[in-house]
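> attaching a predicted model along with its sequence, questions to come.
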Protein chains: 2
Amino acid sequence: MTGVTLSDVAQRAGVSRAAVSRTFTQGASVSAKMRARVEAAARDLGYSPNLLARSLTTRKTQLVGLVSNNFHNPVFLQIFDLLTKGLQDRGLRPLLVNLSDETDPARSVQLLRQYSVEGVILATSHLPQGFASAFRDAGVAVVHAFGRPTGQTDVVGIDNVAAGAMAAQTLLARGYRHVGFMGGPEQASTTQDRLAGFAAAAQALGGVVSHSFASTYSFEAGRGEMTRLLSAPRAEAYFCADDVLTIGALSAAQAAGLRVPDDLGLIGLNDMAMAAWANINLTTIHQPFDAIVRGAMDLMQDRFANPDRAPQTRLFPCHIVDRGTLRPL
Amino acid sequence: MTGVTLSDVAQRAGVSRAAVSRTFTQGASVSAKMRARVEAAARDLGYSPNLLARSLTTRKTQLVGLVSNNFHNPVFLQIFDLLTKGLQDRGLRPLLVNLSDETDPARSVQLLRQYSVEGVILATSHLPQGFASAFRDAGVAVVHAFGRPTGQTDVVGIDNVAAGAMAAQTLLARGYRHVGFMGGPEQASTTQDRLAGFAAAAQALGGVVSHSFASTYSFEAGRGEMTRLLSAPRAEAYFCADDVLTIGALSAAQAAGLRVPDDLGLIGLNDMAMAAWANINLTTIHQPFDAIVRGAMDLMQDRFANPDRAPQTRLFPCHIVDRGTLRPL
DNA sequence: CCGCCGAATGCTTTCGTTTGCAATCGAAAC
DNA sequence: GTTTCGATTGCAAACGAAAGCATTCGGCGG
């Protein structure tokens, strides 16, 4: 234990405990002389206020839950980086929750509530049933990043239907006619929405559309699924709903002796850092992580200030990043 | 706010506050009848104890700081995954701290102390001066994962000197004679130790050794450094001190038209998930992340129980994983 | 029926802070 | 030298829960 408390400082400085408290609380009334005196004593003793005790009376913990269920896809490291930096800049502390193996998500809700988090940022494509509402009911600000707009909770992300359409338009504009969609898990809302947008746009433009799903958003699943696809009549180009999946598909294509993009076109989604690596060099749809993450934090803080406002959705535009897996216009 | 407190439950159940407290604290004396009565009331009201308030009297927060300065290398996502799951299983909560852009590390120390974390796990190759000792002095259990043994703090990781030697022995056994070391930042202890072990072992076996450093542990740095190396007389094989670096080097070699492993051998270190991807397929030294992470948590909890024991070091053995970037024996 | 004793329960203080309220201070206005 | 009034200060009561201590309960042997 550090052990040194406000009382110790007060005694040392020969002032009341309230005086010490005031010099350490933003915007309280203290004279310059008093402040100097207290600060000197505090420095001598190495005092710093106990935030947990403070939170008891202020009802503010500065704690926010950061929950994710995907610790395998490297994009999430980028997301954590942006998120942790951003939260630190705003004076908030992230309590990290890994939902991967959690059989009972209610436990995580309970847990975060017990720690009195003020807000929760859900960074997950798919969300356990009733998760968001549990927090809402408990009065904690919750925002779902990378989620599907529901009107029930704050959501920030991209328009996945539009992104799917953008992929289709790009493929057809490059002269591919038989185009395929390779999704992640079929029940993920991102997969569903991207497929819907992709199929509709491709058909509207006269394309021939097929689709299939990989079991997870992972390299192996993408590689396995593409290997399967290549053993039958196949499309000329595929839109893979995630970069990691796309890299898996790319690997399968190379293993099958196909040249990309001449024999087979591929377009991904995310534009994760790795997509730009020279030996991967993915053509992909850029998802603006920084804007989304910033938006999530903004929305959360906005709800701190105004807990009863209506749920809000913020979607950010994507754009194509042209690299080496699609033939040029 | 959830708002429902112990007093509310006590009133509802028509018992004293102490009774409620006892039914929720491990190993307190309550009759079955009382317990049932309180639990019913608690359920009705949706009560769960406020851990922050509890921590005030118990002096236990179950909070541990998880600090890292590398949110770019994908291995850290694997590490976070293991760490968060492990901590959750042990009933501990990770408070995540991103040191990347932190100009004043003392701020992070202060911060974690203010939240009364019971322990800190440092997952960083390099560590700011005085960081570990600051925690130690504050009486919080600190363990440095992936660090260099100092005798001052608990350290868990691998023997980097031995790992370097293992790399050298492997290269020479495969018939490479002029061998190079490509490190990360020169001041990183991991870089220094791996180089020392590598150079000594290679020379002892009659190899010709050269070395150089990439500016960071990143793809771009590895690729840039290898590109530079290839523009001059070069070694026959390189030991790159990290997988991401190795992938960068591999990319540079491919871009230069070299065949790996025929024209150039490469061996990495870490065996991150990506190293096994078929289109990367790195021969590398496996670092046992799961054992290291588990060891870190064990050591931390061990110090909870016994705060004054001497600092301890736990190093785990590595082994070669043979894939496609080194020619066979 | 009485006394005894361990188990259950309630009372009260405490943990480290903040904050409303009342008392005090100091200087400007008279 | 008083008044007066705003800015400082101290006092004491929260905040939500744990735990030591004293009290009460219940069942047992006698």
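Yep, it's here. Not measured: the values here are computed from a predicted model.

> for the rest of this, base every contact and every neighbour count on C-alpha atoms.
Will do.

> quick one: low-confidence parts of the stretch 201-329 of chain A?
For the stretch 201-329 of chain A, no stretch is flagged by pLDDT under 70.

> who in the stretch 1-150 of chain A is up against chain B?
A:1-2, A:48-53, A:56, A:71-72, A:74, A:76-78, A:80-81, A:84-85, A:93-98, A:101, A:110, A:113-116, A:138-140 (Cα under 8 Å from any Cα of the partner chain).

> kindly recompute the last result at 6 Å.
Within the stretch 1-150 of chain A, the positions adjacent to chain B are A:1-2, A:50-52, A:71, A:74, A:77, A:81, A:94-96, A:114-115, A:138-139 by Cα under 6 Å from any Cα of the partner chain.

> just the buried ones from these, in PyMOL syntax?
Filtering those down to the buried ones (16 or more other Cα atoms under 10 Å in any protein chain shown) takes a single PyMOL command:
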select buried, chain A and resi 2+50+51+52+71+74+77+81+94+95+96+114+115+139
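
> filter the residues of the stretch 1-150 of chain A next to chain B by proximity to DNA strand C?
A:50, A:51 (Cα under 7 Å from any atom of the strand).

> tell me how far stretch A:65-79 lies from the chain's centre.
Relative to its parent chain, stretch A:65-79 has a centroid offset of 7 Å by Cα atoms, centre = their mean, to the nearest Å.

> which stretches in the stretch 101-250 of chain A count as strands?
A:119-123, A:141-145, A:154-158, A:178-183, A:208-213, A:237-240 (DSSP state E, counting those that start in this stretch).

> pull up the pairing partners for the shortest one, direction included.
Okay, so that is strand A:237-240. Strand A:237-240 has its sheet partners listed here by DSSP bridges as strand A:178-183 (parallel), strand A:265-270 (parallel).

> who's in contact with that strand?
By Cα atoms under 6 Å, 6 or more residues apart in numbering or on different chains, the surrounding residues in contact with strand A:237-240 are A:179, A:180, A:181, A:182, A:183, A:246, A:264, A:265, A:266, A:267, A:268.

> measure the residue nearest the centre of chain A to DNA strand C for me?
The centre of chain A sits closest to residue A:123, judged by Cα atoms, centre = their mean, with a distance of 3.8 Å. Using Cα to the nearest atom of the strand, to the nearest Å, one obtains 32 Å as the distance from residue A:123 to DNA strand C.

> now residue A:125
Relative to DNA strand C, and taking Cα to the nearest atom of the strand, residue A:125 is found at 38 Å.

> please apply the same query to residue A:273.
According to Cα to the nearest atom of the strand, residue A:273 and DNA strand C sit 42 Å apart.

> ok, now residue A:66?
25 Å.

> look at the residue of the stretch 101-250 of chain A at minimum distance from DNA strand D and report its pLDDT.
Nearest to DNA strand D, among the residues of the stretch 101-250 of chain A, is residue A:114, at 8.3 Å (Cα to the nearest atom of the strand). Residue A:114 carries a pLDDT value of 94.

> so it touches residue B:47, yeah?
No. Between residue A:114 and residue B:47 there is no contact under Cα atoms under 6 Å: 9.7 Å.

> could you pull up phi and psi at residue A:312?
Dihedral pair for residue A:312: phi -130, psi 150, per degrees, to the nearest 10.

> burial measure for it, as a count.
If you count neighbours by other Cα atoms under 10 Å in any protein chain shown, residue A:312 ends up with 16.

> who does the nearest residue to it once chain neighbours are set aside form a beta bridge with?
In space, and not counting its chain neighbours, residue A:312 is closest to residue A:154: 4.8 Å by Cα to Cα, 6 or more residues apart in numbering or on different chains. Counting by DSSP bridges, residue A:154 forms beta bridges with residue A:143.

> gap between residue A:108 and residue B:58?
23 Å (Cα to Cα, to the nearest Å).

> and these two? which has more neighbours close in?
residue A:108 (19 against 10).

> who are the contact partners of the residue nearest to residue A:191 when sequence neighbours are not counted?
Excluding the flanking residues, the one nearest residue A:191 by Cα to Cα, 6+ apart is residue A:183, at 5.4 Å. Shown in contact with residue A:183 (Cα under 6 Å, 6+ apart): A:191, A:213, A:214, A:240, A:241.

> which phi and psi does the last one have?
Taking degrees, to the nearest 10, you get phi -70, psi 10 for the backbone angles of residue A:241.

> which of the three states applies to the closest residue to chain B within the stretch 1-150 of chain A?
Relative to chain B, the nearest point of the stretch 1-150 of chain A is residue A:95 (4.7 Å; Cα to the nearest Cα). When classified by DSSP: H, G, I helix; E, B strand; the rest coil, residue A:95 comes out as strand.

> run a quick check on it versus residue B:93, I expect a contact.
No. Applying Cα under 6 Å as the test, residue A:95 and residue B:93 come out as separate, 7.0 Å apart.

> need the contact list for the residue nearest to the centre of chain A.
Per Cα under 6 Å, 6+ apart, neighbours of residue A:123: A:68, A:145.

> what's the per-residue pLDDT of it here?
95.

> now residue A:26
pLDDT, residue A:26: 88.

> for chain A, what spans make up the helices?
A:6-13, A:17-24, A:32-45, A:51-58, A:75-89, A:105-114, A:131-137, A:160-173, A:189-204, A:219-230, A:243-255, A:289-305 (DSSP state H).

> if I look at the residue nearest to residue A:191, how far off is residue A:241?
5 Å.

> repeat that for residue A:271.
From residue A:271 to residue A:241 the distance is 11 Å (Cα to Cα).

> which one of the two has more residues nearby?
Remark: of residue A:271 and residue A:241, residue A:241 carries more neighbours, 31 against 23, as counted by other Cα under 10 Å.

> which residues touch that one?
Neighbours of residue A:241 in contact, by Cα under 6 Å, 6+ apart: A:183, A:268, A:269.

> what's the burial count for residue A:40?
Neighbouring residues of residue A:40 were enumerated by other Cα under 10 Å; the total is 15.

> now swap in residue A:150 and tell me
Residue A:150: 11 surrounding residues under other Cα under 10 Å.

> now swap in residue A:33 and tell me
Neighbours of residue A:33 under the rule other Cα under 10 Å: 9.

> on that earlier part again, pull the most distant pair out of the contacts of strand A:237-240.
Based on Cα to Cα, the longest span within those runs between A:183 and A:264 and measures 17.2 Å.

> from residue B:314, how far off is residue A:13?
Taking Cα to Cα, one finds residue A:13 at 45 Å from residue B:314.

> oops, could you answer that again for residue A:193 instead?
Residue A:193 is 49 Å from residue B:314, by Cα to Cα.

> more neighbours: these two, which one.
Shown here are residue A:193 and residue B:314; by other Cα under 10 Å, residue A:193 has more neighbours (19 against 16).

> the closest residue to the more buried one other than its chain neighbours: what's it in contact with?
Of all residues not flanking residue A:193 in the chain, residue A:161 sits nearest, at 4.9 Å (Cα to Cα, 6+ apart). Neighbour list for residue A:161: A:193, A:194, A:197 [criterion: Cα under 6 Å, 6+ apart].

> let me have the residues you listed in TSV, extended by distance to residue A:288 and pLDDT.
TSV is the format used below for the contacts of residue A:161 (distance: Cα to Cα, whole Å; pLDDT from 0 to 100):
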residue	distance to residue A:288	pLDDT
A:193	18	97
A:194	16	97
A:197	19	98
